[in-house]
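Student: have a look; sequence and predicted model below, questions after that.
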Amino acid sequence: MQDIDTVVIGGGQAGLALSRSLTDRDVDHVVLERGRLGERWRSERWDSLRLLTPRWQSRLPGFSYRGSDPDGYMSRAEVVEYLEAYAASFDPPLRTGVTVTSVRASSGGFTVETDEGGWRARNVVIATGDCHQPFVPPFATELADDVLQVVPTRYKNPERLPPGGVLVVGASSTGLQLAHEIHASGRPVTLSVARHSRLPRTYRGRDIMAWLDEMGVFSERAEEVSDLASSRSQPSLQLVGTEDRRTMDLGTAMEAGIRLVGRAESAAGKIVRFGDNLVEDIVAADVKLVRLRQRIDDHIARSAWADSVPGVPPIEMIEAPDAPSSLDLARAGIRTVLWATGFTRSYPWLHVPVLDARGEVRHEGGVTDWPGLYVMGLRFLRRRNSSFIDGQARDAEEIADHLTASRRVASAAVA
Ligand SMILES: Cc1cc2nc3c(=O)[nH]c(=O)nc-3n(C[C@H](O)[C@H](O)[C@H](O)COP(=O)(O)OP(=O)(O)OC[C@H]3O[C@@H](n4cnc5c(N)ncnc54)[C@H](O)[C@@H]3O)c2cc1C
C-alpha cells in the first residue's frame, strides 16, 4: 500500500486535464490507466473517424492546438498525438497498464486496489469516460444467432463486415456517419431513426461550432439550464469532420440511397419492428434547427460586423419517407445490425454508496456527496461541453480548486 493525496482513475483527456490542474496546485497524485494514454482513441474508434469539433476547439488546461490548420478536424491518430504532446508538456504521474479493481472508503479517505498493488488516498477522481461502453437495447438478444451484431467500439471499417445489407440503429453522429460509410462501400444500408439533432456543418460563412462557441452555448453551466436531466440526455449532434466540410443529415442519407425506418422497438429472430416516430422526430429536429438558426441570426444582427456576414441561406426541410413498420432481415438481405444507440457507464469496482438506481454516479458538478470522491468528463457535468475535449479546462480547474479547498478545511480541522 502506498500513500498519496489523490488517485485519478483514467488516462484520457479528463484524467490528464485534471492531472495538469493538480500539478499546478502541488497536489501529490497519480493517474492510473488500464491501457495506454488516450486508450479509447487508439482502440475503440473506427479507422476513418475525425473529430466533429474543429482543431481549435481542443483547449486543455495550459495547452491548445498550435498547428497550421485550426479549422480542420483531427483524425483519431492525431487526437492520440495531441494527448501525448499534452502529457509531454507537464509530465503527469501517469501509470499505464494498471487497472483499478476496487475503491472502498477507509479511515482518512479511500483504499484503491489495482492489479499492481494498492493505494491509500485522501481523494479519488473517477475519469473513466462518459462513453464507457456501448448501450445495446435489451431486445437485441432476441435476434437470430446468425445475424452479426456490432457495436461502434468494435467496428473498424466496412471491409471487415460480411457482404450483404446492414441495419444501422441510431441516427446521431456515430450512426449517421457509419451508415454513409458502409453504404458507400456497396452494402445497402437501412438506418433506424429516433430522436436526433440536425445541424449544418457551416452556416453563414463559418463552422457552426465557431458560432456556438462565440455565443457561449458550450460554456452554458448546468445550473443555467431549466431541465438538466433532459439536457444530459440530448442526442449527439449530426455532424462529421471532413475536408470538404460537408453536412451530413437524413437528407444526405436519403440522397445517397440509404433507406430510413423508425425507431427499432423489438426483435424476434429475423424480424425487427420499428416505431411510427419518423415524421415526428424529423419535424422536431427541423424545428429545433430553425430555432437555433434564429439564435445565430440574432447574434449576428447584434454584432458590429453583421454587414460582412453572408446572408441567411434557405432551409431545406427534410421530408420523411414512407417507412415499413417491420423488416424481415433475411428477405431484405441484411446480415449485420450495427447498434449506434449511445453509451452507458458501469463502475463494478466502486464500493462507495454514490450510485443511483440506474448505476450512474450521483454528483453535483462532479462533486459526489461522499467527501473526497469526484467524477470528471461526464455529459453536462458542469457545462454543456463537459464531455468534450474542449470542456476539460474549466472543469478540471474548478474540481482541482474544490479538492484543494476541501483539503485545507480538513487540515485546519485536524490542527
Ligand atoms: C465516437 C466518438 C466521437 C467523439 N468525437 C468527439 C469530438 O469530435 N470532439 C470532442 O471534443 N469529443 C468527442 N467525443 C467525446 C469525448 O471527447 C470522448 O468520449 C473522450 O474519449 C472522453 O475522454 P475521457 O478522458 O473523459 O474518457 P476516456 O477517453 O473514455 O478515458 C477514460 C479512460 O479510463 C480508463 N479506464 C476505464 N476503467 C478503468 C479502470 N478500472 N482502471 C483504470 N483505467 C480505467 C480507460 O481505459 C480510458 O482510457 C467523441 C466520443 C465518441 C465515442
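Tutor: Cool, the structure landed. Residues are numbered from 1 along each chain as shown.
Student: next, the buried residues of stretch 367-380.
Tutor: Of the residues in stretch 367-380, those buried by neighbour count under the rule 16 or more other Cβ atoms under 10 Å are Val367, Thr368, Trp370, Gly372, Leu373, Tyr374, Val375, Met376, Gly377, Leu378, Arg379, Phe380. For glycine as for every other residue, the C-beta is placed from the backbone atoms N, C-alpha and C.
Student: now do stretch 150-157
Tutor: In terms of neighbour count (16+ other Cβ under 10 Å), stretch 150-157 has its buried residues at Val150, Val151, Pro152, Thr153, Tyr155.
Student: kindly report the same for stretch 228-241.
Tutor: Applying a neighbour-count criterion of 16+ other Cβ under 10 Å, the buried positions in stretch 228-241 are Arg232, Pro235, Ser236, Leu237, Gln238, Leu239, Val240, Gly241.
Student: output these in a markdown table; the columns should cover distance to Ala285.
Tutor: Formatted as a markdown table, the buried residues of stretch 228-241 follow (distance: Cβ to Cβ, whole Å):
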| residue | distance to Ala285 |
| --- | --- |
| Arg232 | 19 |
| Pro235 | 9 |
| Ser236 | 13 |
| Leu237 | 11 |
| Gln238 | 8 |
| Leu239 | 13 |
| Val240 | 16 |
| Gly241 | 20 |
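Student: which of the residues you listed sits closest to Ser346?
Tutor: Proximity of the buried residues of stretch 228-241 to Ser346 was ranked by Cβ to Cβ; the top entry is Arg232 with 17.3 Å.
Student: wait, isn't the closest one in contact with Leu381?
Tutor: No. Assessed by Cβ atoms under 8 Å, Arg232 is found out of contact with Leu381, at 9.1 Å.
Student: quick one on the thing from earlier: so of the buried residues of stretch 367-380, which ones are in helices?
Tutor: Among these, no member falls in helices (criterion: DSSP state H).
Student: for the ligand, state which of the residues you listed is nearest.
Tutor: Ranked by distance to the ligand (Cβ to the nearest ligand atom), those are led by Gly377 at 2.8 Å.
Student: leaving out sequence neighbours, find the closest residue to that closest one.
Tutor: Taking Cβ to Cβ, 6 or more residues apart in numbering as the measure, Gly377 lies nearest to Ala14, with 3.2 Å between them; neighbours along the chain are not counted.
Student: so what does the helix or strand harbouring the one you found touch, helix or strand wise?
Tutor: Counting by DSSP states H and E, the element that carries Ala14 is helix 13-24. Judged by 3 or more Cβ pairs under 8 Å, 6 or more residues apart in numbering; DSSP states H and E, the packing partners of helix 13-24 are strand 2-9, strand 29-33, helix 76-90, helix 392-414.
Student: which SS class is Ala121?
Tutor: At Ala121, secondary structure determined by DSSP: H, G, I helix; E, B strand; the rest coil is strand.
Student: now it: closest residue in space, sequence neighbours ignored.
Tutor: On the basis of Cβ to Cβ, 6+ apart, the spatially nearest residue to Ala121 that is not a chain neighbour turns out to be Val7, at 4.3 Å.
Student: so that neighbour touches Thr111, yeah?
Tutor: No. Taking contacts as Cβ under 8 Å, Val7 lies outside contact range of Thr111: 10.0 Å.
Student: mutual contacts of these two, please.
Tutor: Residues touching both Val7 and Thr111 by Cβ atoms under 8 Å, 6 or more residues apart in numbering: Trp119.
Student: from Asp356, how far out is the closest residue to Glu159 other than its chain neighbours?
Tutor: Leaving aside its chain neighbours, Glu159 sits nearest to Ser185 (7.0 Å; criterion: Cβ to Cβ, 6+ apart). When distances are taken as Cβ to Cβ, to the nearest Å, Ser185 and Asp356 turn out to be 41 Å apart.
Student: looking at those two, which one has more neighbours?
Tutor: Ranked by neighbour count (other Cβ atoms under 10 Å), Ser185 and Asp356 place Ser185 first, with 14 against 9.
Student: ok, now how distant is that one from Ala256?
Tutor: 12 Å.
Student: quick check: neighbours shared by those two?
Tutor: Residues touching both Ser185 and Ala256 do not exist when contact is defined as Cβ under 8 Å, 6+ apart.
Student: for the longest helix along the chain, which helices and strands make contact with it?
Tutor: Of all the elements of type helix in the chain, the one with the most residues (DSSP H) is helix 278-302. Using 3+ Cβ pairs under 8 Å, 6+ apart as the contact criterion, the neighbours of helix 278-302 among helices and strands are strand 197-198, helix 208-214.
Student: give the next helix or strand downstream of the first one.
Tutor: Later in the chain than strand 197-198, the nearest helix or strand by DSSP H and E is strand 202-203.
Student: identify all contacting residues around that next one.
Tutor: For strand 202-203, the external contacting residues (Cβ under 8 Å, 6+ apart) are Ile208, Trp211, Arg245, Thr247, Arg293, Ile296, Pro313.
Student: ok, stretch 359-368 next?
Tutor: Contact with stretch 359-368 is made by 126, 222, 345-347, 350, 352, 354-356, 369, 374-376, 378, 381-382, 395, 398-399, 402, as judged by Cβ under 8 Å, 6+ apart.
Student: and it, does that touch the ligand?
Tutor: No. Using Cβ under 6 Å from any ligand atom, we find that stretch 359-368 stays clear of the ligand, coming within 11.5 Å at best.
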